[in-house]
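Peer 1: Quick one: sequence and predicted model below, then my questions.
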Amino acid sequence: MFVIVGILVVIGGIIGGYLMEHGELAVLWQPAEVVIIGGAALGTLLIANPLPTVIALFKSVLGALKPSPYNQKFYLDTLKMLNDLFMHARKNGMVKLEADVEDPDKSPIFTKYPGFLKNHHAVHFVCDTLRMAISGGVGTYEIDQMMEMDMESHHHEAGVPVAALNTVADALPGLGIVAAVLGIVITMGALGGPPEEIGHKVGAALVGTFLGILMCYGFLGPIAQYLTKMNDAEGEYYKVLRMAVISFIKGAAPILAVETARRMIPSHERPTFKEMEKACKGGSGA
C-alpha cells in the first residue's frame, strides 16, 4: 500500500515542480525513448537471469503492492496455532502429530489457520521438523542445525530476484544515456533544419536520460529496497517458528515454547503476553 503511495508522491513531486516552472508535459511524452530504455532493461534482465528468477521477480514486484502480511494479527494467529499443536502433542504424545504433519491440508489443527497453510514453505518448515522429531534418533542440536540451514537456503533464494532487480536498476542510468546518445545522433542529422525541430530532438534525447535516472532512483531502486525489507521480515517470521518448535522439542511446556517464540517477534509487531495468553486460551483461528 505504501509502495503505491510512494510512487504517486514521486510522480506528483516531479510533475508538480515541472509545471511550476511552466514546463510542457507533452514534451516528456517520448514513446521512442520509453521503448529504447524499457526494451534494453528487459533484455538486460533476460540476459542476466534464468526464467524462474524473472518470473519470481515479477511476482515479488506485484506482491510489493500489497500490505505486509507479517502484522500483529498474523503473529497472534501463528502463536495460537503453535500452542494448539503443542498442546495436542503434550496431551496425546508426539506420535499423534504424525497424521497432522503428514497431511497438513486435512489436519484439524492446521485447517483452522488458512493464513498459515497458504505459506507452503512455512508449512513444510514446521511439519518436516516435527516429522524428524517424531521419528526419533535425531538430537535437538541436529534438528536445530537443519532448521537453520533451511532458513539460510530460503533467505538466499528469496534474495535472488531482488538482486536481479537491483542489477536492472543500476543499469537504467546507463541505458538512459544510450537513449540520449541515439537522440543526439538523430539531432546531428537534422542540423541545418528549423530550430524548432532541432530543439524538439534535443529535448527528446534529454528525456531519455531523465527517464533512466528516474526509473533507477525513483522507482526500481526503492522497490528493491522494500523487497529486501520484506525478505528480512519473512526471515524474522521463520526465526519465530524455529524458536517455538525447537523449544518444544527440547521439552519446554507449550505455553513456555510459545512465549519464547513471542519474544523473538520484532517489537513493532509483537503482541503482549496478555494478548497472546488470551488468544491461546480462546478465540478462533484465522
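Peer 2: Perfect, I can see it now. Residues are numbered from 1 along each chain as shown.

Peer 1: can you count the residues close to P194?
Peer 2: 9 (other CB atoms under 10 Å). For glycine as for every other residue, the C-beta is placed from the backbone atoms N, C-alpha and C.

Peer 1: Then the one 3 residues further on?
Peer 2: Counted with other CB under 10 Å, residues neighbouring E197 total 11.

Peer 1: Relative to I47, how far out is it?
Peer 2: E197 sits 36 Å away from I47, going by CB to CB, to the nearest Å.

Peer 1: quick one, what contacts the closest residue to T129 other than its chain neighbours?
Peer 2: Spatial nearest neighbour of T129, excluding adjacent residues (CB to CB, 6 or more residues apart in numbering): V245 at 5.3 Å. V245 is in contact with L82, V126, T129, L130, M147, A257, counting by CB atoms under 8 Å, 6 or more residues apart in numbering.

Peer 1: so where does V245 fall, helix or strand?
Peer 2: helix 221-249 (DSSP states H and E).

Peer 1: Show me what the helix or strand that comes right after that helix is packed up against.
Peer 2: Later in the chain than helix 221-249, the nearest helix or strand by DSSP H and E is helix 254-262. Secondary structure elements in contact with helix 254-262, counted by 3 or more CB pairs under 8 Å, 6 or more residues apart in numbering; DSSP states H and E, are helix 72-92, helix 221-249, helix 273-281.

Peer 1: okay, now Y70: neighbour count?
Peer 2: Counted with other CB under 10 Å, residues neighbouring Y70 total 18.

Peer 1: repeat for the one 10 residues further on
Peer 2: The number of residues packed around K80, counting by other CB under 10 Å, is 23.

Peer 1: what's the nearest residue to it if we skip its chain neighbours?
Peer 2: The nearest residue in space to K80 (CB to CB, 6+ apart) is A279, at 4.6 Å.

Peer 1: Y237 now?
Peer 2: Y70 (5.6 Å).

Peer 1: My guess is the one you found contacts G235. True?
Peer 2: No: if you go by CB atoms under 8 Å, Y70 and G235 don't touch, sitting 10.2 Å apart.

Peer 1: Would you mind writing the CA trace of stretch 68-87 as PDB?
Peer 2: This file holds the C-alpha atoms of stretch 68-87, laid out as PDB (Å, rounded to 0.1, in the frame of the first residue of the first chain):
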ATOM      1  CA  SER A  68       2.900  -6.800   4.500                       C
ATOM      2  CA  PRO A  69       1.300 -10.000   5.900                       C
ATOM      3  CA  TYR A  70       3.600 -10.000   8.900                       C
ATOM      4  CA  ASN A  71       1.500  -7.900  11.200                       C
ATOM      5  CA  GLN A  72       0.400  -8.400  14.900                       C
ATOM      6  CA  LYS A  73      -2.700 -10.400  14.000                       C
ATOM      7  CA  PHE A  74      -0.800 -12.700  11.800                       C
ATOM      8  CA  TYR A  75       1.800 -13.400  14.600                       C
ATOM      9  CA  LEU A  76      -1.000 -13.900  17.100                       C
ATOM     10  CA  ASP A  77      -2.700 -16.500  14.900                       C
ATOM     11  CA  THR A  78       0.700 -18.200  14.400                       C
ATOM     12  CA  LEU A  79       1.300 -18.300  18.200                       C
ATOM     13  CA  LYS A  80      -2.200 -19.700  18.800                       C
ATOM     14  CA  MET A  81      -1.700 -22.300  16.100                       C
ATOM     15  CA  LEU A  82       1.700 -23.400  17.600                       C
ATOM     16  CA  ASN A  83       0.100 -23.600  21.100                       C
ATOM     17  CA  ASP A  84      -2.800 -25.800  19.700                       C
ATOM     18  CA  LEU A  85      -0.200 -28.000  18.000                       C
ATOM     19  CA  PHE A  86       2.000 -28.300  21.100                       C
ATOM     20  CA  MET A  87      -1.000 -28.900  23.500                       C
END
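
Peer 1: How about residues contacting it?
Peer 2: Here stretch 68-87 has contacts from 97, 100, 109-110, 112-113, 115-116, 130, 230, 233-234, 236-237, 240-241, 244-245, 248, 254-255, 257-258, 261-262, 265, 269-271, 275-276, 279-280, 283, 285-286, using CB under 8 Å, 6+ apart.
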